[in-house]
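# build the 3D model from these lines:
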Amino acid sequence: MHRWWSLLLALVAVTIGVVAVAAAAVASGEVPCGIVSTQPACEVALVPGPTEDTIGLVRIEGATTFPSTGELLLTTVAVRDGLDLGTWWEARRSTTVDTVPRETIYPPDLDPTETAEQNALLMEDSQMTAALAALSVAGYDVDGAATGAAVAAIESDAVTDALTVGDVITGVDGTEVRDAASLVDQVVASSPGDEATLQVRAEDGTTRSVDVTYGRNPADRTRAYIGVLLRTELDLPVDISIDAGVIGGPSAGLMFALGVLDLLGDEDLTGGAIVAGTGTIDVDGRVGPVGGVRQKLVGATDRGGVSEPAAVFLVPRANLAEARRAPVGRDLLLVPIDDLSGALAALDALRDGREPAEAFALRAAS
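Sure thing, here's the model as predicted:
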């Protein structure tokens, strides 16, 4: 048995999947940046980032693994900070680059190092959730592996003093909480000022209810906030570790789950093809939307000339409309995905020489 401990900040879920986050402070108060500012120093550029083959990042002990002849690429977005007038204007004119308010990437109450740490925690939780979802599909008994969202730390501006480190939040208003991500989802679906009752299990096994009034997220005043750091405890039957390096955020969940399944299964999921993709994943295998889809598609089809480009891209259905407008450098097949089972069905079709359901042929920009 291997016990996974991972942290998830119940503040904001950054689903872009960022890498190479450069830090440059806005000039010491001289530039008053707000969420609508369009000055170069008040914005950052989102550009296509590198890709990584998840099959090479996953390590499994306690189970037989099998080789793969293809690749399952996670895709990323790189953030360029410290823009001057020239680079800012160039970014705004580019079809493959987006400029966004700096505060959306670097919340003003957090320094860039803290932001990077939060993204790393989100990535770690995504990896373990992906492992759980993959093991479930592979036929392992994972019932009860995730039992709630444990409180790892409490912020100074937390909305309640009735929670303590080690408490496990198992429900909100009677709705089950199985992991940290599901609690975050329920909180961000509410509004500041809403009242809720948390079902809590203490370290000694006793249970109680905690009434809270959601506060305002310091990073986004429109979003609900509790003010605790969370961890998901997973007791899995197989020892799985994933090394994503400096890449942060939860958007590689789908590709991590596929990487785990490719190693555990005796059938090569890719059939030798290079398949890229993106998407969050929950413990039930549902795939969620992410940010930076255009940049990820461009990165998958232009891998710097040192690696073969992807032929297929698995995209969350909610991101399909945006993906179909991406100015890719090479033709590729775009496949909308709702869940892990759908992704496996698409890969099965590709191995058999069939076109997956609802696939869209995305042509290279002229």
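
# now the strands for the stretch 1-150 of the chain?
Along the stretch 1-150 of the chain, counting by DSSP state E, counting those that start in this stretch, strands occupy 2-9, 18-19, 43-53, 58-61, 71-80, 98-101, 146-154.

# and of those strands, who's closest to Gly353?
Nearest to Gly353 among the strands of the stretch 1-150 of the chain is strand 71-80; the distance by CB to CB comes to 19.0 Å. Where C-beta positions appear, they are placed from N, C-alpha and C, glycine not excepted.

# ok, Asp338 to Leu72 distance?
18 Å (CB to CB, to the nearest Å).

# higher neighbour count, the two?
Leu72 (32 against 15; other CB atoms under 10 Å).

# surely the more buried one meets Ile55?
Yes. Using CB atoms under 8 Å, Leu72 is in contact with Ile55, at 5.6 Å.

# and for those two, which residues touch both?
Counting by CB atoms under 8 Å, 6 or more residues apart in numbering, the shared contacts of Leu72 and Ile55 are 259, 262.

# beta partners of Leu198?
Val172, Val210 (DSSP bridges).

# from here on, count from 18
Yes, from this point I'll number from 18; that puts the last item at Leu215.

# OK, contacts around it?
Per CB under 8 Å, 6+ apart, neighbours of Leu215: 180, 186, 188-189, 226-229.

# got a pLDDT number for the nearest residue to Asp70 once chain neighbours are set aside?
Once flanking residues are discounted, Asp70 sits nearest to Glu88: 4.4 Å by CB to CB, 6 or more residues apart in numbering. We note a pLDDT of 95 for Glu88 in this prediction.

# just checking, Glu88 touches Ile291?
Yes. At 4.7 Å, Glu88 counts as touching Ile291 under the criterion of CB under 8 Å.

# what do those two both touch?
Ala327.

# circling back: CSV for the contacts of Leu215, including pLDDT, distance to Asp365 and neighbour count?
Output for the contacts of Leu215, formatted as CSV (pLDDT from 0 to 100; distance: CB to CB, whole Å; neighbours: other CB atoms under 10 Å):
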residue, pLDDT, distance to Asp365, neighbour count
Leu180, 96, 45, 19
Ile186, 95, 38, 24
Gly188, 95, 37, 20
Val189, 96, 37, 21
Ser226, 97, 46, 11
Val227, 97, 46, 15
Asp228, 97, 48, 10
Val229, 96, 45, 20
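
# now tabulate the residues you listed in a markdown table and tack on distance to Phe273.
As requested, the contacts of Leu215 are exported to a markdown table (distance: CB to CB, whole Å):
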| residue | distance to Phe273 |
| --- | --- |
| Leu180 | 30 |
| Ile186 | 25 |
| Gly188 | 27 |
| Val189 | 27 |
| Ser226 | 35 |
| Val227 | 33 |
| Asp228 | 37 |
| Val229 | 32 |
